[in-house]
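Trainee: quick one: sequence and predicted model below, then my questions.
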Amino acid sequence: MAARIEHLVTSGTFSLDGGTWDVDNNVWIVGDDAECVVIDAAHDAAAILAAVGDRALRAILLTHAHDDHIDAVAALQAATGAPAYLNDGDRMLWDAVYPEKGPDAGLDDDQVIRIAGTELHVLRTPGHSPGAVCFYAPDLGTVFSGDTLFSGGPGATGRSYSDFPTIIRSITARLLTLPAETVVRTGHGDSTTVGQEAPSLDEWIARGH
C-alpha cells in the first residue's frame, strides 16, 4: 500500500525569550496502514496517538526544537518507544525542554529516511533556528517545511538563535529549487506550493525582515 499523508492541528503555547503565545501547530503523519512517522510532535500526544492508531510508529521527525514542536515528544515516546530525530544545531532548544535526555538520533543534510515505501530527504534549512530542517518527499510531491517557509513568506527570525539572511539563503537554495508544483506543508497555517511562494521572495529580501 502506498504511503499517504495525514494531518492534524493541535493547540498549545510557544515560549521563548521570556514570552509565551497561544499557537496552533500542524502535525503531519506519513505512512501506510502498517507503519508511519510523525513530523513534529506538538502539544497533544493523545490526539497524535489516536491518529497513529495501531500502526508502528517508526520515528518522530522534528523540523526544529522550538518547544511548541517538541512538547509532546516525551509522551509519544513513553507510549510507543519511537526514536526522536533532531539536527544537532537545535540541541540547546531541545535541552530547554528535555534537560535529562537527548534526542535519539541526528538529522544530516541529504539524509534519507524511508517509511512505507517512500523516501523523506532531509534538507538543512537553518535560519528560523540553527538546526532547522525540511523533509522532502519527491514521491508524494511535497515538502514538510516546519517554520522555514509559510504561505506568504519565510518563517519568523526575530527571536534568539534566528537569522533573516540565513533563512533566505536556505529557502532560495533548498526549497525554491524544488519543482514549482511541490506542495509546501507548513508548521502552522495553510499549505502552499513552491511556485506560489517563489515570486514573493524578492519582496521579503527588500524588506529585510
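Mentor: On my side now, so go ahead.
Trainee: residues contacting the lowest-mean-pLDDT helix or strand in the chain, please?
Mentor: The helix or strand of the chain with the poorest confidence is helix 201-207; it has a mean of 77 (mean pLDDT, DSSP states H and E). Residues from elsewhere that reach helix 201-207 (Cβ atoms under 8 Å, 6 or more residues apart in numbering): 153-154, 168, 171-172, 176. Heads up, the C-betas are built off the backbone N, CA and C, glycines and all.
Trainee: equivalent analysis for stretch 78-87, please.
Mentor: Under Cβ under 8 Å, 6+ apart, the answer for stretch 78-87 is 38, 41, 45, 49, 52, 57-62, 64-65, 70, 73, 76-77, 94, 103-108, 113, 124, 131-133.
Trainee: just the buried residues of those.
Mentor: Buried positions within those, assessed by neighbour count (16 or more other Cβ atoms under 10 Å), are 38, 41, 45, 49, 52, 57-62, 64-65, 70, 73, 76-77, 94, 103, 107, 113, 124, 131-133.
Trainee: these two touch, right, Gly195 and Val183?
Mentor: No: using Cβ atoms under 8 Å, Gly195 is not in contact with Val183, being 10.2 Å away.
Trainee: these two: which has the busier surroundings?
Mentor: Taking other Cβ atoms under 10 Å, Gly195 and Val183 do not tie; Val183 has more neighbours (17 against 14).
Trainee: hmm, Thr142 and that one touching each other?
Mentor: Yes: using Cβ under 8 Å, Val183 is in contact with Thr142, at 4.3 Å.
Trainee: which members of the contacts of helix 201-207 occur in helices, if any?
Mentor: By the criterion of DSSP state H, membership of these in helices covers Ile168.
Trainee: please enumerate the helices of this structure.
Mentor: 45-52, 67-70, 73-80, 91-97, 164-170, 194-197, 201-207.
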